[in-house]
Structures are given as C-alpha cells and as structure tokens.
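Peer 1: Sharing a sequence plus its predicted fold:
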Amino acid sequence: MTSLITPTAEAIPSAAERAAAGRALRDRVPRSSHSAWVAPPDRPDPLRTLESTCSGRVGRLIPLRNKRMAESPFAFYRGTADVMAADLARTPVTGLRVQLCGDAHCLNFGAFATPERRLIFDVTDFDETLPGPWEWDVKRLAASFVLAGRSIKLKDGNATVAVLAAARAYRLHMLDFAAKRMLEIWHERIDAAVVGPETSVDDRRKHKAIVESAKANSVHAAVEKITVPGAGTRMFVETPPLLYHPSGPDDGGFDIEHVMQSYGQSLAPEVQSLIGRYRLVDHAVKVVGVGSVGTRCSVALVQADVDDALILQVKQAGPSVLEPLAGASMFGSHGERVVRGQRLMQTASDALLGWGTSGEFDFYVRQFKDKKGSVDIAALDGFALREYAEMCGWTLARAHARSGDAAQIAGYLGKRDTFDKAIARFAVLYADQAEQDFAAFRAAIDAGKIPVA
C-alpha cells in the first residue's frame, strides 16, 4: 500500500519562509497588474462560444436557457462561465494553484445544513470545479458583485465598495489562515447566522432571511410541494417546461436505474446501508438555474415507507470549462470530479452526495432542497451587499486555503490594500465587457438568430 504521507529528510519550510516566497512573486506579477482588462483583438466571439455549449443539450430547453440569460447582463454573466474562463486565461497569475469553484459568482454561495443539521454558509456550486489559479475565482466573484449591483440599480460606487469588501475579506482571512495549522483550517466553519457587529437592524433582517429560507427549504416541504400521493407511492406533478416526465433521450431522459445503481456504489458503506432502505418510485426532468438549463437535470423520488419519501437531485456533469485552460481532470468521471472538488472545498458536504453514470453521460447526485438558502439580491441595498460580499470573500478564502498554500498566497497579498484596489478596478472593467457581450446577445435575439422561449 502506498502512503500519501511522503517521507522527507529535507527541512520543511516554515510558514514565514513560504510567505516570503509569496512576497517574492510580486516582482514577477505586481499586485497592481490584476487591475487590467482589455479585450484582445483575437478574443473568441462570446456568441459562438455560447452556441458551442448548446451541443449535447436537450433541444427543447435551449430557448428557455436563452430566455433566462436575456433577463439582464447579470443573468447572462451567470450563464457564461466558459466565456470568462477563456478571458481569465489571458490575465496575470502567480502560479499558485488551489481547488477552484470555477464559477464563483455571488449567487453560488449560500446556507445549507451539515449532516449534523447545523446551518453553515459556504460555496454551493461545483459544476466547473478543477485545480487552477486562485486569482480566477476571486475575479469572477468580484465582477459578479458589480453586475449584481447594477442589476438592482445601485450606483457603481456602492458596487465597488462591495468588491473592495470581498477582496479585503479574502485577503485578511487568508492572512489569518496562513497562521493556522492545517487541521484548524480544515475544521473551520462559517455559521450561517454570523452577522457583523456594525450592521444595521435592517441588514440583520435581510441576513436573517437567508437563514430562514434555508430552514424552510426542507426535503419534506419539497415532497409536499411537487409530488402527490398515488397507489402506495407518490409521483411528481408535471409543470412543463420546468418539471415533466421525459419521453426519451432527446427529451432529457436517461437510464435513471443505472445512475442510481452506480451512484450507490460511490457512497461510503454506512451511507449505502441508509440509501438501500429506499426504493425508486418516480423520475422527472427538473429545470434549474441559468447555465445548467438544457443539461440533463432531474429529480428522483425515492421512498422507504408510505410516509417516508426523499427527493434526490440528479445533475449531468460535463467537462469543466476550465479544462482546456487549466488542465484535464484527474478523474475519469466528471460526476466524481464535481463531488471530489465539492468535498475538498466545503467544510461539510451532503451526506448523500455521490456520482453515477448512464451510457455516455456522467452525473452527480445530492439531496434536493435540504435546508438550502440563498440571498435575494433584489432585496439588498448598498450596505447589505457589502456585508454579503464580505461573507463571500471570507468563504472563498477558507475554501482555497483547504487545498492551497495559504502562507504563500497571504504573503503575496500582503497587509496593504493594493490587491483589493486592483481587483475592484478589474471588476468594473470586466462588468463593462459582460454588458457589451450581453448587448450583442440581445441584438442576436432581436434579429431572430438566437431562439428564446
């Protein structure tokens, strides 16, 4: 048996030495260089990139995806992680790598219940997860706050303050993690009820709404909402095009029984014992999100007793948009890539999280609506957006510190706000770019070149 703990006769570098190595990187990659964004002349056409992502999707759902992306530049941004990934590959990086979320926009964070039923705040989306440059996640998060702020009619100044808050929180918490032992970083959790001491009563109310929405989003509530009892079992209530029973592969269908069988094999033995008590009674396509629309996203209804039903979400996992830029995944299944990345970045993951396959398609499986809550961007003002940005920056730093060298990253970032200001400048410039891309997208819709539902 091969040990993962590698023997060494060499002196192990201290945190101070690793931080010094991080500071030395500033000579090659100045922190101020992260502020730059100018679209290069050979930049790929974002609409062609978007068109290429439709390959393999369920045809009837592509117009719905386009409709959701056409709602605003922020919605368009959320659906075009591949466009930004190609752009980020042209920006400066230090060479320090971490496990990336890959799509770290501000709505891919939220509250959810740990297996111990505690509510924590963490990254929540891992479809694009892959090892890569830590800067890419930070920049995607930063630009999302500018676009989110603009979507709710905040002045750019308020959105910039939010970006500065996110970057500052990332930097300061990375400095804190640099001084901690690995096990301390590994066990750190961010309580979903955390509220900064300087927030107003109104901010506290808005923050509390995230927690309350998570508490209300139970599996049992979902069962009552989207299923009805039948002859000894329950079944999904169709609400097409958002929830429907597929007629075949071209309609989003796949061999759910094979997925469930292979999924069970991916679970730990004790969880296999738990999930083995349930029986599959129904399966339906369930449209979710923006960028995921058109991929094979389904819900599986399983029951252990007439009054004991559970809904599992079954999501198709394709290649990460980062793979052509950051390297291929080490895992043979993209479902496994998603699950392994999630377990590495999150402090605590869904106990039923696993992966499976059906023919040419890879999937990952998790509980549906298990005490999950997210922020309502439309309900935020400038102060609340800043507070939320701080939480996201803190969360991203913790997620990166679990797989990367916090001391080196912290050494590079430093105690001054040079990096924060650079990221804020980049965020505004890239938000402008996203709005230009969105304008081209809407023009193509108006010209009848892109179908919408």
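Peer 2: On my side now, so go ahead.
Peer 1: helices and strands around the particular helix or strand that has residue 412 in it, which ones?
Peer 2: Using DSSP states H and E, residue 412 sits in helix 406-413. Counting by 3 or more C-beta pairs under 8 Å, 6 or more residues apart in numbering; DSSP states H and E, the packing neighbours recorded for helix 406-413 are helix 15-28, helix 156-178, helix 382-401. Using the backbone N, CA and C atoms, a C-beta is placed for each residue, glycine as well.
Peer 1: Mind listing residues that contact the very next helix or strand once past the longest one?
Peer 2: Meaning helix 156-178. Once helix 156-178 ends, the next helix or strand along the chain (criterion: DSSP H and E) is helix 182-187. Under the contact criterion C-beta atoms under 8 Å, 6 or more residues apart in numbering, helix 182-187 has outside partners 177, 347, 398, 401, 402, 406.
Peer 1: With stretch 288-299 instead?
Peer 2: When contacts are taken as C-beta under 8 Å, 6+ apart, the neighbours of stretch 288-299 outside the stretch itself are 54, 57-58, 61-62, 64-65, 68-69, 75, 78-81, 103, 127, 226, 236, 243, 252, 254, 256, 283-287, 311-316, 318, 361, 363, 368.
Peer 1: Now residue 391. Nearest residue, chain neighbours left out?
Peer 2: Leaving aside its sequence neighbours, residue 391 sits nearest to residue 121 (C-beta to C-beta, 6 or more residues apart in numbering; 6.0 Å).
Peer 1: I meant residue 283, not that one.
Peer 2: Across the structure, with C-beta to C-beta, 6+ apart as the measure, the residue nearest residue 283 apart from its sequence neighbours is residue 256 (4.4 Å).
Peer 1: how many neighbours does that neighbour have?
Peer 2: Per other C-beta atoms under 10 Å, the neighbour tally for residue 256 reads 21.
Peer 1: same question, the one 5 residues further on
Peer 2: Here the neighbour count serves as a burial measure; for residue 261 (other C-beta under 10 Å) it reads 14.
Peer 1: Which pLDDT value goes with it?
Peer 2: The per-residue pLDDT reported for residue 261 equals 95.
Peer 1: swap in the one 4 residues further on?
Peer 2: Per-residue confidence (pLDDT) for residue 265: 95.
Peer 1: Make sure it is indeed in a helix.
Peer 2: Yes - with DSSP: H, G, I helix; E, B strand; the rest coil as the criterion, residue 265 is part of a helix.
Peer 1: phi, psi of residue 227?
Peer 2: With angles defined as degrees, to the nearest 10, residue 227 shows backbone torsions of phi -130, psi 160.
Peer 1: So it versus residue 299, what's the distance?
Peer 2: With the distance defined as C-beta to C-beta, to the nearest Å, residue 227 ends up 9 Å from residue 299.
Peer 1: Could you list the residues in contact with stretch 39-52?
Peer 2: For stretch 39-52, the surrounding residues in contact (C-beta under 8 Å, 6+ apart) are 79-80, 82-83, 86-87, 90, 433, 437, 440-441, 444, 450.
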